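>>> What follows is a predicted structure for the sequence shown.
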Amino acid sequence: MGLDVSDQLASVVGGTVTLLTGIVTVAIAVRHQIRARGDWWRSLGPVWRGEEDADIVHPYRFGGYVKPLSEVYVPRRAVPRLAPSGDGVDVADLFSGTGNVLLIGEPGSGKTALVRYGSACSARRWLAGGARRRPCPSEPVLVSLPAAALAHQSLPAALAEAYPCDGAPLDVERAPGPGRRWLVCVDALDAVTDPDERAVVLNRLAELARAPDPSGAARPWRLLVTTRHLAEDELAVLGDGYSAYHLAPFTDADVALLAAHWFPDAASARGFLEWTHTQGITGPMHNPLTATIAVLVWGGGQAGAAPQPGPAALLDEFVRALLHGGRDSLDATCAALRRRPPAGEAVADWLATRHAELVEVAATAAGAGADPVAAVVEWSAAHAPAPPARVLPDWPGRVRQILLATDLFRADRRGLCSVWPSLVEYLAAGPLARDWRPDEWVTLMNTGSTRFVALQAISRAAVAPAFLRARLAQPRGAIAAGHLLAGRSTAGAGAPSFRADVLAALLTHWSAGQEVPAGRDAARECYSLLTTLAADRADRDLLHEIAADPRRPGDVRRAAALFFAVRTRDAHRSRAAR
């Protein structure tokens, strides 16, 4: 064999070996990728199955079967906080988009339902994709946890605890899969009522939004945080790390769609909508909480029970029905007390007529971040003929069962918490609604932890908001009125003339605070409220009218024009920062 032939043969053999080596290398890499994908898919399977099933059924079994949330859910829209036109976006786009999101909504606006529904739908899409053969969703992997979980631990630790994954903790420090990111929904920031814990959570969220990965790579997660209205200084802590949106209220079309989803036929849905008109709650129905309670009351056959039209009567009937449905637990406790004479008989007689009051005490404690069971035990020891705990050794356990039976509370690792915070706040507002004190109400409205109880109190007391006109000259009165406008459904916060007067007062105190250092904090809060209210087209139009109204003082008109200029500047800065 000649030298040339030998060289050619060696070249062929060498090329063949190289090719085979490459094939083997690729095969090993593909096998590793398939195995890796199977591993992360198997590890996430329990997460998705848990999200698919968790909280998708409505928590209130009011008069029997209630359709799952997935069947009655109405798609939502959100309005950018600094949007010049107020045009909304589909909330689904916020889940699948980029960047961190702060979603602000009034009480009962459906923030938690939104997170639950989004989690369940995301899980179902991922599970439907299969492990290998079907195409995977291009969306992020959605997980959620309450904001309170971040008060004492980091985000990765909180999620690892919330999603144990059959012994393998969820690791959000790593991407959930090739080319995928986590979407972490942090729900109910406003529910963290302790000031120190709230500060910790706010700072932690701010740090998560701005801190890059040590290696310089993008974080494997993005955040969507839900909350009620935040104070201006709290919004400042979060800074430009979040795109802020307001969750838009229901429209008339949304209410009609909810009825169409909920009721079995068009005639029933039409009858329900006609009933809302006769009850005078067409406007309040733009709040999803009120709308959902209305369909439950009407569908449960309680529609004719309300003594007078209006949302307060509707909520009264709903709570009354919940207490009636959970009455068996209270009656069983009374029976157990009667078997322990002599004190047990007197305590049972006392307890039998105080079901609503007991739940009200628990609701007040829950709203303040305290233990509802401990609060009821303490209250009963102070007011019952004899301390029930001396008669029944398991009295705290009995209280717990009484509260759970109402469907107003649920158990978690720390004890009992409210199922629907707005309803618990409604109950906690009872004492102030029955003994109305305007100055105390203004104080409660200006305190973050009690503001939403005050909102429920003014609704239950059926007090017209016009009583605040005389208090608008002072910053605290104007701020209380501003929170009233921001915290209630659009139709429920007074006539346009009253809203315009509140907006003018907020403009006055904001512009004055720019020059008076002592008023700077009040001025910032006034500006925050103006920004919140301006996200609604009707209030934004009122602000434009104020700027052009010759009957208004010149400083108020100039403040309105300045507000729009500052708002536009802030919008440009926010977009540039992102």
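Yes, it's here. No experiment lies behind these values; they were computed from the predicted model shown.
>>> contacts, neighbours, all on C-alpha from now
Will do.
>>> Tell me where this protein has strands.
For the chain, the strands defined by DSSP state E cover 77-80, 89-90, 100-104, 141-146, 182-187, 221-227, 242-247, 409-412, 415-418.
>>> which outside residues touch the fifth one?
Outside of strand 182-187, the residues that reach it under the criterion C-alpha atoms under 8 Å, 6 or more residues apart in numbering are 95, 111-112, 115, 140-147, 172, 175-176, 220-227.
>>> pull the CA atoms of that strand into PDB?
Coordinates of each C-alpha in strand 182-187 appear next as PDB, following Å, rounded to 0.1, in the frame of the first residue of the first chain:
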ATOM      1  CA  TRP A 182     -41.100  31.700  37.400                       C
ATOM      2  CA  LEU A 183     -43.900  34.200  37.900                       C
ATOM      3  CA  VAL A 184     -44.300  34.600  41.700                       C
ATOM      4  CA  CYS A 185     -47.700  36.100  42.700                       C
ATOM      5  CA  VAL A 186     -47.300  37.800  46.100                       C
ATOM      6  CA  ASP A 187     -50.900  38.300  47.200                       C
END
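>>> Partner strands of that strand and their direction?
Applying DSSP bridges to the sheet, strand 182-187 is found paired with strand 141-146 (parallel), strand 221-227 (parallel).
>>> State the mean pLDDT of it.
Mean per-residue pLDDT for strand 182-187: 93.
>>> could we number from 6 for the rest of this?
With the count now opening at 6, the last piece we talked about shows up as strand 187-192.
>>> residue contacts, the residue nearest the centre of the chain?
Closest to where the C-alpha atoms of the chain average out (C-alpha atoms, centre = their mean) is residue 116, at 3.4 Å. Counting by C-alpha under 8 Å, 6+ apart, residue 116 touches 110, 192, 193, 231, 232, 252.
>>> mind checking how far it is from residue 96?
Residue 116 is 11 Å from residue 96, where distance means C-alpha to C-alpha, to the nearest Å.
>>> How about residue 433?
Separation of residue 433 from residue 96 (C-alpha to C-alpha): 31 Å.
>>> Of those two, give the one with the bigger neighbour count.
Of the pair residue 433 and residue 96, residue 433 is the one with more neighbours under other C-alpha atoms under 10 Å, namely 28 against 20.
>>> Count the residues that sit near the closest residue to that one other than its chain neighbours.
Of all residues not flanking residue 433 in the chain, residue 369 sits nearest, at 4.5 Å (C-alpha to C-alpha, 6 or more residues apart in numbering). Residue 369: 24 surrounding residues under other C-alpha under 10 Å.
>>> What distance do you get for residue 369 to residue 378?
Counting by C-alpha to C-alpha, the gap from residue 369 to residue 378 is 11 Å.
>>> ok, now residue 210?
Look at residue 210 and residue 378: by C-alpha to C-alpha, they are 31 Å apart.
>>> that older thread, least reliable of the strands paired with strand 187-192 going by mean pLDDT?
Ranked on mean pLDDT, the bottom entry among those is strand 146-151, at a mean of 89.
>>> Run through who's touching that one.
With contact meaning C-alpha under 8 Å, 6+ apart, strand 146-151 is reached by 56, 120, 123-124, 127-128, 163-164, 167, 181, 185-194.
>>> Stretch 227-239 too?
By C-alpha under 8 Å, 6+ apart, the surrounding residues in contact with stretch 227-239 are 100, 103-112, 116-117, 186-195, 207, 214, 491-492, 529-530, 532-533.
>>> and the strands paired with strand 187-192 as CSV, adding mean neighbour count?
Converted to CSV, these look like this (neighbours: other C-alpha atoms under 10 Å):
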stretch, mean neighbour count
strand 146-151, 22
strand 226-232, 23
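>>> gap between stretch 117-128 and the chain center?
From the chain centre to the centre of stretch 117-128 is a distance of 12 Å (C-alpha atoms, centre = their mean, to the nearest Å).
>>> How about stretch 272-290?
Put simply, stretch 272-290 sits 25 Å off its chain's centre (C-alpha atoms, centre = their mean).
>>> list the buried ones in that stretch?
Residues of stretch 272-290 classed as buried: 273, 274, 277, 278, 280, 281, 284, 286, 287, 288, 289, 290 (neighbour count, 16 or more other C-alpha atoms under 10 Å).
>>> likewise stretch 500-513?
Result for stretch 500-513 [16+ other C-alpha under 10 Å]: buried residues 503, 504, 505, 506, 507, 508, 509, 510, 511, 512, 513.
>>> average pLDDT across it?
The pLDDT scores in stretch 500-513 average 92.
>>> now stretch 363-370
Throughout stretch 363-370, pLDDT has a mean value of 94.
>>> And for it, what's in contact with it?
With contacts defined as C-alpha under 8 Å, 6+ apart, stretch 363-370 is touched by 376-378, 380-381, 384, 408, 423, 429-430, 432-435.
>>> Please indicate which of the contacts of strand 146-151 are buried?
Buried, going by 16+ other C-alpha under 10 Å: 56, 120, 123-124, 127-128, 163-164, 167, 181, 185-194, out of the contacts of strand 146-151.
>>> In the stretch 6-155 of the chain, where is pLDDT below threshold?
6-48, 55-71, 88-92, 135-142 (pLDDT under 70).
>>> And the helices in it?
8-58, 74-77, 96-101, 116-134 (DSSP state H, counting those that start in this stretch).
>>> Now the second one: buried residues?
Within helix 74-77, the residues that qualify as buried are 74, 75, 77, counting by 16+ other C-alpha under 10 Å.
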